[in-house]
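Undergrad: need a structure here:
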Amino acid sequence: MAFVRRPCAVALLACAAAFLVAAVGAQPADPSGKPLDPNPFLTDPDVEPVYMSPGAPPQLVSCYNRSDPAAQEPECRIEARQCPRGCRDLCYVHCPTCKLVCMCDLTGTECYDPRFVGGDGNKFLFHGRRDADFCLLSDSNLHINAHFIGKRNVQAARDFTWVQALGIRFGGHRLFLGVKRTVTWNSAVDRLAIAFDGVPVELDAAPAASWSPASAPALSIFRTGAANGVVVRLDGRFRIVANAVPVTEEDSRVHGYGLTADDSLAHLNVAFKFHSITADVHGVLGQTYRQDYVSAGVDMGAKIPVMGGAGKYQVSNIFGTDCEVARFAGEDAGEVGLIQEPADTMCGSGKGSAGLVCKK
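TA: Here you go, the predicted model:
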């Protein structure tokens with residue numbers, strides 16, 4: 001069932017209301033006069049963003065059944081007084097379950113010290129290795145790597161790790177999305193670094209600001225706020241929601257990360273939605289979408305299952321396709337063997353443990 005939030009049913013702060021009108025109602029146009037697609041994040045059928053500034057009044061969010069435009073009563077209504085712990089000032093109403101959630105509670109994400117939710121719906125950790133690159137997903141026409149940063153964990157044999165950047169290859173193109181090294185974190189200062197085919201991408205510092213290259217018009221990038229949040233969409237292939245966040249002093253104190261004054265360990269929390277991947281897809285996250293996937297190599301006895309075998313997923317650089325499980329050929333796969341409606345996945349850093357955690 002698809003859901004939609006009707007803006008008239010929501011009591012929003014002025015800034016948030018302006019954002020919705022600009023992104024959904026105004027239909028901005030490109031220089032040629034052709035209307036741009038609305039921000040895909042705000043029109044997602046399953047989640048609705050809620051912006052909660054400190055001291056803000058409650059917001060009433062209603063989700064309606066998109067398949068029944070005549071419906072007068074919402075399928076879901078929730079009063080958001082504050083975001084759940086861990087969300088800071090941005091959270092989401094998950095319409096199908098009518099719950100207020102952090103991005104990292106949703107399917108298809110990578111958050112914190114890397115934890116994933118796989119395509120099979122199970123959460124797992126992938127520790128990787130600091131200052132190294134690993135293949136998250138490899139398919140015939142799409143390849144996604146992640147660059148890991150980290151801190152030495154003196155109490156364990158492995159490092160604390162976080163995902164600092166993504167390297168995405170499709171067709172003949174290369175897209176880089178990362179977070180700049182940051183000493184002192186300020187959420188109002190944008191620390192995202194984006195490049196397409198080696199050329200920096202400049203996005204205006206305003207919610208819903210967008211960019212699309214002439215050489216790949218199916219690719220679009222939208223800001224979800226004035227700084228540190230974007231949606232990357234390749235029509236018919238994927239949607240990626242990415243937020244740049246720091247390791248907080250509280251997280252460091254509780255989990256022993258050893259945060260120092262010279263580095264905030266800024267990293268990405270990421271949500272993936274894949275629209276068309278083949279049955280032969282592989283990679284740390286990609287393999288969990290396979291119909292024949294079993295949790296081999298995952299320590300199911302751990303508090304959060306841990307995926308081992310990091311060596312077979314490691315690549316030589318952020319755009320490398322030389323991991324042992326690589327499937328990337330750079331060409332379209334066609335319609336044969338496609339997985340129908342693959343689930344969303346969210347990945348991020350696992351609080352209290354090292355590695356990448358994903359879930360759907």
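
Undergrad: identify the bridge partners of the closest residue to Val50 other than its chain neighbours.
TA: Spatial nearest neighbour of Val50, excluding adjacent residues (CB to CB, 6 or more residues apart in numbering): Ala80 at 4.8 Å. C-beta here means a position set from N, CA and C on the backbone, and glycine is covered the same way. Counting by DSSP bridges, Ala80 is bridged to Gln59.

Undergrad: swap in Leu125?
TA: Under the criterion used (DSSP bridges), Leu125 bridges to Arg115, Val306.

Undergrad: and Leu192, what is it in contact with?
TA: Contact analysis of Leu192 by CB atoms under 8 Å, 6 or more residues apart in numbering lists Leu177, Gly178, Val179, Lys180, Ala227, Asn228, Val230, Ala242, Ala244.

Undergrad: and for Ser264?
TA: Ser264 neighbours (CB under 8 Å, 6+ apart): Thr182, Val183, Thr184, Trp185, Pro246, Val247.

Undergrad: compute the first-to-last residue distance for stretch 305-323.
TA: From its first residue to its last, stretch 305-323 covers 23 Å (CA to CA, to the nearest Å).

Undergrad: what is the mean pLDDT for it?
TA: Across stretch 305-323, the average pLDDT comes to 91.

Undergrad: quick one on the thing from earlier: report the buried members of the contacts of Leu192.
TA: Buried members of those, counted by 16 or more other CB atoms under 10 Å: Leu177, Gly178, Val179, Ala227, Asn228, Val230, Ala242, Ala244.

Undergrad: the closest residue to Ala216 other than its chain neighbours bridge partners, please.
TA: Sequence neighbours aside, His173 is the residue nearest to Ala216 in space, at 5.4 Å (criterion: CB to CB, 6+ apart). Going by DSSP bridges, His173 is paired in beta bridges with Phe170.

Undergrad: surely His173 touches Ala195?
TA: No. Applying CB atoms under 8 Å, one finds His173 not in contact with Ala195, separated by 11.1 Å.

Undergrad: what's the following helix or strand after the lowest-mean-pLDDT helix or strand in the chain?
TA: When the helices and strands of the chain are scored by mean pLDDT, DSSP states H and E, helix 14-20 comes last with a mean of 23. As assigned by DSSP states H and E, the chain's next helix or strand after helix 14-20 is strand 47-51.

Undergrad: what lines up beside that following strand in the sheet?
TA: strand 90-94 (antiparallel).

Undergrad: convert the partner strand to CSV, retaining C-alpha atoms only.
TA: Backbone C-alpha positions of strand 90-94 (Å, rounded to 0.1, in the frame of the first residue of the first chain) are rendered in CSV as follows:
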residue,chain,number,x,y,z
LEU,A,90,15.4,15.2,11.6
CYS,A,91,13.3,12.1,11.8
TYR,A,92,10.7,10.3,9.7
VAL,A,93,7.2,9.0,10.0
HIS,A,94,7.2,5.5,8.5
